[in-house]
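J.: After the sequence you'll find the predicted model.
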Amino acid sequence: MNKNIHRLTDTKIGIFQIALGVFAAVTFLVGKLALGGTTAGLLLMVLAAVELASMIAMLVYLKVSVRSRRKELSSYIESLAYDTESAKSSTLLSFPMPMAVFRNDDTRLVWGNGMFFDICGEAGTRLDAKVSDFIPGFNAEWIAEGKTQYPELIDVNGHKYRVHGNTIHRDENEKSDSPAMCVTYWIDVTEYEKISAEYEASRPVAGILVIDNYEEMTKNLPDREKNDVRDAIEDKLFAWAASRKGTIRRYDRDRYIVFMEKRDLEYMKHKKFPIIQEMHSVESPNGFSASISLGLGEDAQNMAEAVQFADIAAELALSRGGDQAVIKNRLNFDFFGGRGGEVEKRTKVRSRVMANTVAELIKDSSQVFIMGHRYADLDSLGAAVGLCCLSRKLGVRANIVVNDTSSAELLVSMMKAVPEYKNSFYDTREAIIRSDGRTLLVIVDTNRPEQIEDTELLNACSRVAVIDHHRVSATYIHNAALGFVEPYASSTCELVTELLQETVDITDIIKSEADALLAGIVLDTKNFTIRTGERTFDAASYLRRSGADPIEVKKLLQSDMSDTIRKYRILQNAELYRDVVAIASPEDPVSRIVAAKAADELLNISGVEASIVVAPGENGGVFASARSIGELNVQIIMEKLGGGGNRSAAAAQLTDKTAEEALELVHTAVDEYLG
């Protein structure tokens, strides 16, 4: 009978006893007072006595019954408590995994079962030690932080354990100054981890490998020698793939597809892809050394996505100048190599195609905005001026969007004096207000969204084109309608000049526009001494025929007296680092143009292959300006600091660092590059 039934029965018996007592009293009074000494009266009195006796007997029975039930209940509870404690003890002692109870302040053991001491290699039950004695580095901070799982796997005698645990809470009324205790459960996950590690190590990796200069290596060679060149290249590539148990197959004249496991990719990362340098030993009869670009895709959901990642990575490697490996995963890119010189791949055909595409985009637009990087220089503004010339020829209004012109004030003043450019300069706020759905935004002299004048204008325009000569970075501008990025070019002004050659007549170019374009080329080539090729001289010659005046260009490149003094003060602080890198770190804030000129000047020192100026900016923060004339690729060094550029000129912005911290980072980046 459950508790509710007992309660209901006890209530009814109580009411019955009261009623019975009242009835007995009434019967006795009626028999004695109303009927006197009659027989009926005597019978009623006897009946009342019987009723009273029954009531007393029932009360005695209930008392005895309650006492008996309480005794049985007490015995049952004692038996249950004994069984529970026995079950607890038996469960703890025979628990099928290691357990340990310890104090949370110092991990001193309170109790541990046999399996725990077995995994620690300890015989018996040592309770005078700490868990950290058995497991070096073990602590209880994770439990104190409210976590129920140790943050990492624990390696004990070659086995890996996942540890779970919790704090043993005291009763609220229990008061004690002793530290709380923690109970932990140690799960052996060794086999699972082996399977998981093997699964990760055996994940497939797809690759696209391109011979950067195959056309140059085989140009004008007879078929027999072409086959010899290809055989020499493939001998190297097939041996490389076989050494890592990979597979490589040629699917086009100069393209190969590669498959390997992730374990092999990790090995290549560790070795910095030596195949890139080894391929240089393959030379063609006409004197060209082989150069490769390798794009690899990892962590893909399936093989098709891995191949897609590899294709994107290969194209990025090519756009960065080739001779390097690029790895793409689901989140970002990793870069290796890229120290060799870029392989010239531009052709007149490509320039003609790009010129026609740019012209079509402009003609299909309501207006054109041209925007470069922050702190616009002569190359950025010169390229913008050239595109304004092209837009004017096509009958579409173009405006240059720039906020800070301090690095090219002379050029801006010169162009504003030209009637065609009187109202051609906007700041970014005005450009955003005036933009519409058919506005074309052309980004020049950068391909990174974080470096442009204003990302809001980029987001506001649905039609975007990019024209740049810097190597493409991992954060390049995506989804552009046109990407004309040629890291082999000396400058963006050179690229824009080639577009003008294909689309306008010499008479359409204003003299000031030719001066601006030539000034950009002269600036980035350091007077035709760096990154200067045949196409560079062709562009300069075209601009000279268009009316460019070298004297006016020289004036645009002049510095005032105060900037010249600052430049030479920077040179006084320069030091030679690692024998080939000149590094200067002035204490006073300087402008970027002064720092860049100081870096250029440092290259005139004998034995210096690269120069870096690390300086506080006039508007806060710290920046680094780097230049190179040797084999050193300063772009790779600046990319380690979050910057970019090309192999001979690069820069980085370090907004959250002091000058001393930035200088230390530069030293570290140079050390990593030089090895």
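T.: That came through, no problem. Numbering: from 1, shown residues only.
J.: Which residues are in contact with residue 167?
T.: 104, 143, 180-182 (C-beta atoms under 8 Å, 6 or more residues apart in numbering). The way it works is simple: take the backbone N, C-alpha and C, and place the C-beta from them, glycine included.
J.: pretty sure it belongs to a helix, no?
T.: No - counting by DSSP: H, G, I helix; E, B strand; the rest coil, residue 167 is located in no helix; its state is strand.
J.: how close does it get to residue 179?
T.: Per C-beta to C-beta, to the nearest Å, residue 167 is found 10 Å from residue 179.
J.: Mind listing the shared neighbours of the two?
T.: Contacts common to residue 167 and residue 179, judged by C-beta under 8 Å, 6+ apart, are residue 104.
J.: Would you point out the most distant pair within the contacts of residue 167?
T.: 143 and 181 (10.2 Å; C-beta to C-beta).
J.: Of these two, which one has the most company?
T.: residue 143 (21 against 16; other C-beta atoms under 10 Å).
J.: Can you tell me the closest non-neighbouring residue to that one?
T.: Using C-beta to C-beta, 6 or more residues apart in numbering and skipping the chain neighbours, the partner closest in space to residue 143 is residue 182 (5.0 Å).
J.: Test my guess that the one you found contacts residue 139.
T.: No - using C-beta atoms under 8 Å, residue 182 is not in contact with residue 139; the gap is 10.9 Å.
J.: on that earlier part again, for the residue nearest to residue 143, helix, strand, or coil?
T.: Going by three-state DSSP: residue 182 is strand.
J.: distance of it from residue 132?
T.: From residue 182 to residue 132 the distance is 13 Å (C-beta to C-beta).
J.: same check, this time on residue 562
T.: According to C-beta to C-beta, residue 562 and residue 132 sit 64 Å apart.
J.: what about the two, which has more around it?
T.: For residue 562 versus residue 132, neighbours defined as other C-beta under 10 Å are more numerous around residue 132 (15 against 9).
J.: doesn't residue 140 make contact with the more buried one?
T.: No - counting by C-beta under 8 Å, residue 132 stays clear of residue 140, with 9.4 Å between them.
J.: joint contacts of those two?
T.: residue 107.
J.: List the contacts of stretch 654-670.
T.: By C-beta under 8 Å, 6+ apart, the residues outside stretch 654-670 that reach it are 577-578, 581, 583, 585, 587, 612, 614-616, 620-624, 637-638, 640-642.
J.: List buried members of those by neighbour count.
T.: Neighbour counting with 16 or more other C-beta atoms under 10 Å marks 577, 581, 583, 585, 612, 614-616, 621-624, 637-638, 641 as buried within those.
J.: of all those residues, which comes closest to residue 290?
T.: Once C-beta to C-beta is applied, the member of those that ends up nearest residue 290 is residue 637, at 25.7 Å.
J.: got the contact list for residue 378?
T.: Here residue 378 is in contact with 407-408, 411, 493, 516, 519-520, 523, 556-557 (criterion: C-beta under 8 Å, 6+ apart).
J.: re the thing from before, from the contacts of stretch 654-670, which ones fall inside strands?
T.: Mapping these onto strands (DSSP state E) picks out 577, 581, 583, 612, 614-616, 622-624.
J.: ok, now which ones touch the residue nearest to residue 143?
T.: With contacts defined as C-beta under 8 Å, 6+ apart, the neighbours of residue 182 are 101-104, 140, 143, 165-168.
J.: Which of those residues has the largest number of neighbours?
T.: Highest neighbour count within the contacts of residue 182: residue 102, with 26 neighbours (other C-beta under 10 Å).
J.: and that residue, that's in a strand?
T.: Yes - Residue 102: assigned to a strand according to three-state DSSP.
J.: got the contact list for it?
T.: By C-beta under 8 Å, 6+ apart, the neighbours of residue 102 are 108-110, 130-131, 140, 181-182, 184.
J.: Let me see the contact set for the closest residue to residue 536 other than its chain neighbours.
T.: Excluding its sequence neighbours, the residue lying closest to residue 536 (C-beta to C-beta, 6+ apart) is residue 490, at 4.5 Å. Counting by C-beta under 8 Å, 6+ apart, residue 490 touches 469, 521, 524-525, 530-533, 535-536.
J.: Whichever of those end up buried, select them in ChimeraX.
T.: Buried residues among those (16+ other C-beta under 10 Å), as a ChimeraX selection:
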select :469,521,524,525,530,531,532,533,535,536
